[in-house]
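Peer 1: Provided below are the primary sequence and the corresponding predicted coordinates.
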Amino acid sequence: MKNRVEELRKTRKLNQDEFAKAIRVSRQTVSSIETGKYNPSLELAFTISDFFEMSIEEIFINERSAIK
């Protein structure tokens with residue numbers, strides 16, 4: 001799943017450590033989310049969306065193709 005976390009974090013002029021502290025996770029978790037190695041739990045996705053004041057769908061992009 002792609003996401004816009006890095007883009008949005010940089011727009012706020014935050015480094016990974018600052019953002020991690022703001023959402024109460026490790027810097028490694030932020031890094032893993034940004035690189036797509038880790039998909040956050042629903043609870044963490046809501047925390048991130050609340051932080052950026054955006055919907056989850058605006059931040060996390062589901063790339064699954066539609067089932068036909």
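Peer 2: Received, thanks.
Peer 1: This protein: helices as residue ranges?
Peer 2: Assigned by DSSP state H, the chain shows helices spanning 5-11, 16-23, 27-34, 42-52, 56-59.
Peer 1: Can you name the residues in contact with the fourth one?
Peer 2: Applying Cβ atoms under 8 Å, 6 or more residues apart in numbering, the set of residues contacting helix 42-52 from outside is 5, 8, 12, 19, 22-25, 33, 40, 55-56, 58-60. Every residue, glycine included, has its C-beta placed from N, CA and C.
Peer 1: Mean neighbour count for the helices of the chain - can I get that in a markdown table?
Peer 2: Below are the helices of the chain laid out as a markdown table (neighbours: other Cβ atoms under 10 Å):
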| stretch | mean neighbour count |
| --- | --- |
| helix 5-11 | 16 |
| helix 16-23 | 16 |
| helix 27-34 | 18 |
| helix 42-52 | 15 |
| helix 56-59 | 14 |
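Peer 1: can those helices go into JSON lines with extra columns for mean pLDDT?
Peer 2: As requested, the helices of the chain are exported to JSON lines (pLDDT from 0 to 100):
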{"stretch": "helix 5-11", "mean pLDDT": "98"}
{"stretch": "helix 16-23", "mean pLDDT": "98"}
{"stretch": "helix 27-34", "mean pLDDT": "98"}
{"stretch": "helix 42-52", "mean pLDDT": "98"}
{"stretch": "helix 56-59", "mean pLDDT": "96"}
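Peer 1: And R64, how close does it get to K2?
Peer 2: For R64, the distance to K2 equals 11 Å [Cβ to Cβ, to the nearest Å].
Peer 1: Among the two, which residue is more densely surrounded?
Peer 2: More neighbours surround K2 than the other of R64 and K2, with 10 against 6 (other Cβ atoms under 10 Å).
Peer 1: Just give the number of residues close to the nearest residue to the more buried one once chain neighbours are set aside.
Peer 2: Distances taken as Cβ to Cβ, 6 or more residues apart in numbering place I61 nearest to K2, at 4.4 Å, with adjacent residues excluded. By other Cβ under 10 Å, the residues close to I61 number 10.
Peer 1: Return the residues in contact with I61.
Peer 2: For I61, the contacting residues are M1, K2, N3, R4, by Cβ under 8 Å, 6+ apart.
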